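Asker: Please find the sequence and the predicted model below.
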2 protein chains.
Amino acid sequence: MNECAPSSASRLSAALAAIRAGGLSAQVSTAPSVLETHSHGEAMEAACLPGAVVFVESTDHVATVLRACHANRVPVVAFGAGTSVEGHVTPPDHAISLDLSAMTAIVEVNAEDLDCRVQAGLTRQALNARIRDTGLFFPVDPGGEATLGGMCATRASGTAAVRYGTMKENVLGLTVVLATGEVIRTGGRVRKSATGYDLTSLFIGSEGTLGIITEVQLRLHGRPECLSAAICQFPTLDDAVRTAMEIIQCGIPISRVELLDSVQMAASIRYSGLTGYEPLTTLFFEFAGGPAAVQEQVAATEAIALSNNGQAFAWADTAEERTRLWKARHDAFWAAKAIEPGARVISTDCIVPISRLGELIAGVRQDIAASGLRVPLLGHVGDGNFHALIIIENTRQGYDRAWDLDRRIVARALALGGSCSGEHGVGMGKLEFLETEHGEGTLAVMRALKNTMDPRNILNPGKLLPPGRLYQG
Amino acid sequence: MNECAPSSASRLSAALAAIRAGGLSAQVSTAPSVLETHSHGEAMEAACLPGAVVFVESTDHVATVLRACHANRVPVVAFGAGTSVEGHVTPPDHAISLDLSAMTAIVEVNAEDLDCRVQAGLTRQALNARIRDTGLFFPVDPGGEATLGGMCATRASGTAAVRYGTMKENVLGLTVVLATGEVIRTGGRVRKSATGYDLTSLFIGSEGTLGIITEVQLRLHGRPECLSAAICQFPTLDDAVRTAMEIIQCGIPISRVELLDSVQMAASIRYSGLTGYEPLTTLFFEFAGGPAAVQEQVAATEAIALSNNGQAFAWADTAEERTRLWKARHDAFWAAKAIEPGARVISTDCIVPISRLGELIAGVRQDIAASGLRVPLLGHVGDGNFHALIIIENTRQGYDRAWDLDRRIVARALALGGSCSGEHGVGMGKLEFLETEHGEGTLAVMRALKNTMDPRNILNPGKLLPPGRLYQG
């Protein structure tokens, strides 16, 4: 350790002085309540407070902050809506939390081309509300009130991914501020291009470790002419999984297919007043398209469900009934939380090839039984992705029990050719699984890319990549 | 220049000795006819012969070759089917052409999960023939008999991209041999994952400059229950483009929509015996899905076409009639070639946001008129991508006239927010346009990534990236 090197505290002071000198005095806050709200996302506990929060309003602001942080080697952590459940927004010691939540402009809407450009702090709900009169919508729906920049950074997806894909398939281009403060644009407005490395995809899912995303060019989709919903209950989990698998295999373009296991269904019946249903494994379906296509999809789905012992198949084509059903699904997390008032809920996020989902969940149920915990299961079953909602008391011991169960579930998923996270990201919460999932050589390449983009390691250090070898060509 | 450095010829000899010593003697060829066929793809002229061709049969073979080339700083150019039209497979001086065309194994087919793993030398037609009995197919269709590894390397797409996406959306994972000979796997079998940088997308479209792709995990799709085709003619190009645009905007899940302009249509009527049609701008449609959905799509498409002055709307639901129509579309290149026997055809590959396509093509027609050349136009109009098939005599002057026209067309597309290549790639042919298209800073990042993955610059040197600054964090 160089005795003459400035301390992290003095480096932070120097960076803040440069940021203020760059015209951003009014954007800097060190108020204790502000530092506290920027010390953590959801689920993960806070490690420490950020040294300061800078509320940026433009790409130029972000560039000013990064130039100051780069010059002074100060860590920078981007913060949007704070909905991360894997510790992405948790700052290291003496870091700057870069709050982009005021960057909510819609830069352009190109309705004829089904695309738009937005600032990174806009939430998807706000976007959809503001473009409603165009007849278009942005389909990626991770559930929470997340920002589009944060959704890019974590490669978010959710219930509509089975039809519309994830952020990876729905982002055309980005504006990114690099570690030095240099601003680049990636991709563009065209639907496809074969010119050059796919930098857009490299930044999607990079969790703020390669650059700060400030603008996003999004694909939009036409609102479907008709929507319909259905629900079906199954005597066993295997029957439900097989139903979902056959729907996908038959190429039925279903827009959502979600699984609630019997524990979750019992909670949802109570919480959402879902009368007329049993606490059995249940699939929720949504169909979209022209009226004949929707009718055809519903009929084909019903036939598959019945051939797999489905019962109480009921479909809802009024807006009210559809909303009632899907509100119950969207409130599943709160229903789980209400099982034990005052409890915390820690969500796993494994994904496997869909044919292995039944086997995985059977094993997971053994782990749950052995743990003695209450754990409803909730699945984006068309993708093979599911969440075990581990209900714990808000104590050190409670968290430890949750992480222990999470480790067992992840180990099962990886052994079946899966991934430890379908949509929540790595952050700090999944670091320990990356080498098993990707292999040491693949991580060595990722580290080499990180080192090239950010050799001073100021961009969200300690997230996404466990330490280790760098690939050297 | 270091006087003591070994010449490129002696380095090649040393690499070949190491390759032979590694057990690959029988794989190495320096036969003149072999060197000649590996000196060029399609369209671009050969610059020089490769120093040798190595016919690899496994990932281990590729690793052996790369270790030898890395140690001796010998350039390596991957070669599959040789269908590149932008000079991707053209070797530099004293290079090894790495022929993967014997790597045609299907490693696994997971029909339940709609995926498969293949070696990189397998062609898409061979794959589809071999998995026909599963009821599944791989949809990306660039027209030619290309290898799946080559399609990954150039981020290929084609006529079905409007429905199924490009290689980017249809590859789940890769096996890649890095410059040092180290082998890594990227991605996996799951439909989505949020863990780590998207290395799969980084290699897709990297044109053999970051690593050699040896295996590909592909998404498969269920063969649709029904297919139908239709054709419609338009008095003006704008009418046809507006029709395509409205189809996409309405969210009609059309599986193909292709434009032939009046010059191309005249050629196709003659070449393919398309009786009953006029030499007018024409759209070819393909619809897929359940019977009711297909009928609904056709009806909606017809209504849109007629409201845009479409005439002679005719649909074909027998397999014979559908095949006759679409064979004419697939033979369009040959029909263009037949306009002037003995001529060469150079294809442009611009793409713009679909709303700008009419404006672009109007300008392109002025350029064509000024050039005095015969140039049919052919478009993947649902994506905004089109090919001007520039018919030239096979002389230096002929090529120069084609490149001159290509430059004018690209300049127009870039000014309209487009890309110089929707699907053919950069290779050597599009290098000069990259800085205008992406910006200097974005190219500096790409160069830094290339330098990290291949600091000795042995992987397809001189392709994809023009020389210039490297981003330094």
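Answerer: Sure, I can see it. Residues are numbered from 1 along each chain as shown, chains lettered A, B, ... in the order given.

Asker: and the residue nearest to residue A:285 when sequence neighbours are not counted, how far is that from chain B?
Answerer: Counting by Cβ to Cβ, 6 or more residues apart in numbering or on different chains, residue A:285 lies nearest to residue A:230, which is 4.4 Å off, once chain neighbours are set aside. (Glycine included, C-beta is placed from N, CA and C.) Using Cβ to the nearest Cβ, to the nearest Å, one gets 16 Å for the distance from residue A:230 to chain B.

Asker: again with residue A:347
Answerer: From residue A:347 to chain B the distance is 13 Å (Cβ to the nearest Cβ).

Asker: Hmm, that residue is touching residue A:422, no?
Answerer: No: in this structure residue A:347 lies outside contact range of residue A:422 using Cβ atoms under 8 Å: 11.1 Å.

Asker: who's more crowded, these two?
Answerer: residue A:422 (31 against 19; other Cβ atoms under 10 Å in any protein chain shown).

Asker: Tell me who's in contact with the more buried one.
Answerer: By Cβ atoms under 8 Å, 6 or more residues apart in numbering or on different chains, the residues touching residue A:422 are A:157, A:349, A:350, A:351, A:380, A:383, A:384, A:385, B:190, B:192, B:193, B:194.

Asker: Check whether the fifth one really touches residue A:254, as I assumed.
Answerer: No: counting by Cβ under 8 Å, residue A:380 sits too far from residue A:254 to count as a contact (11.8 Å).

Asker: Which neighbours do those two have in common?
Answerer: residue A:162.

Asker: More neighbours: those two, which one.
Answerer: Counted by other Cβ under 10 Å, residue A:380 and residue A:254 do not tie: residue A:380 has more neighbours, with 26 against 22.

Asker: How about the contacts made by that one?
Answerer: A:157, A:158, A:159, A:161, A:162, A:258, A:386, A:422, A:423.

Asker: can you do 7 Å?
Answerer: Shown in contact with residue A:380 (Cβ atoms under 7 Å, 6 or more residues apart in numbering or on different chains): A:159, A:161, A:162, A:258, A:386.

Asker: What count of nearby residues applies to the third one?
Answerer: To tie it back to what came earlier, the one meant is residue A:162. With other Cβ under 10 Å as criterion, residue A:162 counts 26.

Asker: in what helix or strand does it lie?
Answerer: Here residue A:162 sits within helix A:161-164, counting by DSSP states H and E.

Asker: Residue A:410 now?
Answerer: Assigned by DSSP H and E, residue A:410 falls in helix A:396-415.

Asker: what's that helix in contact with?
Answerer: A:344, A:346, A:348, A:350, A:352, A:360, A:363-364, A:367, A:371, A:373, A:388, A:390, A:392, A:420, A:433, A:436-437.

Asker: same deal with stretch A:203-213?
Answerer: With contact meaning Cβ under 7 Å, 6+ apart, stretch A:203-213 is reached by A:62, A:66, A:77-78, A:88, A:98, A:120, A:149, A:152-155, A:167-168, A:171, A:174, A:176-179, A:186, A:202, A:425-427, A:450, A:453-454, A:459-460, A:463-464, B:194, B:197-198.

Asker: What about those, which are in helices?
Answerer: Assignment to helices by DSSP state H places the following of the contacts of stretch A:203-213 there: A:62, A:66, A:149, A:152, A:153, A:167, A:168, A:202, A:450, A:453.

Asker: List buried residues within those.
Answerer: A:62, A:66, A:149, A:152, A:153, A:167, A:168, A:202, A:450, A:453 (16 or more other Cβ atoms under 10 Å in any protein chain shown).

Asker: ok, and of those, which contact chain B?
Answerer: Residues of those in contact with chain B (Cβ under 7 Å from any Cβ of the partner chain): A:168, A:202, A:453.

Asker: wait, what's in contact with the last one?
Answerer: Right, residue A:453. A:178, A:179, A:210, A:211, B:473.

Asker: Equivalent analysis for residue A:389, please.
Answerer: A:333, A:336, A:345, A:347, A:375, A:376, A:378 are the contacts of residue A:389 under Cβ under 7 Å, 6+ apart.

Asker: ok, now with 6 Å
Answerer: A:336, A:345, A:347, A:376 (Cβ atoms under 6 Å, 6 or more residues apart in numbering or on different chains).

Asker: Identify the residue nearest the residue nearest the centre of chain A in space, chain neighbours excluded?
Answerer: In chain A, the residue lying closest to the centroid (Cα atoms, centre = their mean) is residue A:156, at 3.5 Å. Of all residues not flanking residue A:156 in the chain, residue A:142 sits nearest, at 4.4 Å (Cβ to Cβ, 6+ apart).

Asker: before we move on, what about residue A:215?
Answerer: residue A:175 (3.7 Å).

Asker: can you pull the pLDDT of that neighbour?
Answerer: What the model reports as pLDDT for residue A:175 is 98.

Asker: so it touches residue A:216, yeah?
Answerer: No: between residue A:175 and residue A:216 there is no contact under Cβ atoms under 6 Å: 7.9 Å.

Asker: okay, these two: which has more neighbours?
Answerer: residue A:216 (29 against 21).

Asker: Identify the residues contacting the more buried one.
Answerer: Contacts of residue A:216 by Cβ under 6 Å, 6+ apart are A:118, A:148, A:152, A:171, A:174.

Asker: swap in residue A:92?
Answerer: A:75, A:461, A:462.

Asker: Can you tell me the SS state at it?
Answerer: coil (DSSP: H, G, I helix; E, B strand; the rest coil).

Asker: Buried by neighbour count: which residues of stretch A:262-277 qualify?
Answerer: So, applying 16+ other Cβ under 10 Å, buried residues of stretch A:262-277: A:262, A:263, A:264, A:265, A:266, A:267, A:268, A:269, A:271, A:272, A:274, A:277.

Asker: in the stretch 351-473 of chain A, which spans are strands?
Answerer: A:377-380, A:385-392 (DSSP state E, counting those that start in this stretch).

Asker: For those strands, give me JSON lines that also has mean pLDDT.
Answerer: Converted to JSON lines, the strands of the stretch 351-473 of chain A look like this (pLDDT from 0 to 100):
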{"stretch": "strand A:377-380", "mean pLDDT": "94"}
{"stretch": "strand A:385-392", "mean pLDDT": "96"}
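
Asker: Next, format those strands as JSON lines and append distance to residue B:297.
Answerer: Formatted as JSON lines, those follow (distance: least, Cβ to Cβ, whole Å):
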{"stretch": "strand A:377-380", "distance to residue B:297": "27"}
{"stretch": "strand A:385-392", "distance to residue B:297": "30"}
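
Asker: before we move on, the earlier item: for the contacts of residue A:389, which one is nearest chain B?
Answerer: Within the contacts of residue A:389, the smallest distance to chain B is 13.1 Å, found for residue A:347 (Cβ to the nearest Cβ).

Asker: That closest one contacts residue A:387, doesn't it?
Answerer: Yes: using Cβ under 6 Å, residue A:347 is in contact with residue A:387, at 4.6 Å.

Asker: just to revisit the earlier point, who wins for most neighbours among the contacts of residue A:389?
Answerer: residue A:336 (28 neighbours).

Asker: So it belongs to a helix, correct?
Answerer: Yes: Residue A:336 forms part of a helix when assessed by three-state DSSP.

Asker: Might you report the residue contacts of it?
Answerer: A:267, A:345, A:376, A:389.

Asker: Point out the residues in the stretch 201-350 of chain A that sit beside chain B.
Answerer: Residues of the stretch 201-350 of chain A lying close to chain B by Cβ under 6 Å from any Cβ of the partner chain are A:201, A:202, A:205, A:206, A:222, A:249, A:250, A:251, A:290, A:292, A:293, A:296.
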